[in-house]
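[1] Predicted structure and sequence below. I'll ask about it afterward.
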Amino acid sequence: MDTWKRFNEKDLTHSMAHYLQAVAGLKDEKGHVRVGDIASRLGVSKSGVTSMLHSLSSRGLVTHEPYGCVELTETGRRIAQRTESNRKVLTMFFTDILRVPDPIAIEDACMTEHLVSPESIIQLLRLTSFIGSEDDAARRFRSAFRDYQLHCAGGGDGDKECPVCKGSCLAGSLPDLEAPAPGKRSSK
Ligand SMILES: [Zn+2]
Ligand SMILES: [Zn+2]
């Protein structure tokens, strides 16, 4: 099936991931979790929390007795841990390797934390760790990448074959592709 259709069917929405993370965090800090705690941590209404807990428990991710404590199921806890780890790896990758400014890196990582596959996140972690390492090749890569300027051969003309973009040139549809990389100071 087409990826974008499967994407819509994914059980886990972004807010579900954050609710699960909030429950996991509160459980670690306080030992027990109540609706009011979740509401104040996430800055949402108690009725919003209650209706989200309904969806989460129908998916087998939390248990919640009326007026009782909220507990994560085994699957719920695993998803909370996995999405938080994903966010950490993605943030490291965006800041340390791609050199994207912190606020943008943090926001991009947050928005994709619940979507990225375990296969990709493991490779991203390996790549981030390798490029940041003291390996000679990694050191050379870091310094070469810092100074590398992208010159797109197609010049942004979508109809032109571009060897850099592997097919029709993407430069025209991306903002300032030829501008200095983010985080790199202009040498003027
Ligand atoms: Zn997020
Ligand atoms: Zn191009």
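    Done, it's in. Ligands and ions are numbered 1, 2, ... in the order given.

[2] longest helix anywhere in this structure?
    helix 74-92 (DSSP state H).

[3] tell me which residues of it are tucked away?
    For helix 74-92, a neighbour-count test (16 or more other CB atoms under 10 Å) marks 76-77, 79-80, 82-84, 86-87, 89-92 as buried. Just so you know, the C-beta spots here come from the backbone N, C-alpha and C atoms, and that holds for glycine as well.

[4] Turn these into TSV, columns for distance to Leu61 and pLDDT.
    Below are those laid out as TSV (distance: CB to CB, whole Å; pLDDT from 0 to 100):
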residue	distance to Leu61	pLDDT
Gly76	4	94
Arg77	9	95
Ile79	7	94
Ala80	9	96
Arg82	12	95
Thr83	12	95
Glu84	15	96
Asn86	17	97
Arg87	18	97
Val89	22	97
Leu90	22	98
Thr91	24	97
Met92	27	96
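
[5] give me the subset of the residues you listed touching ligand 2.
    Near ligand 2, judged by CB under 5 Å from the ion, there are no entries from those.

[6] Closest one of those to ligand 2?
    Nearest to ligand 2 out of the buried residues of helix 74-92 is Leu90 (CB to the ion; 25.4 Å).
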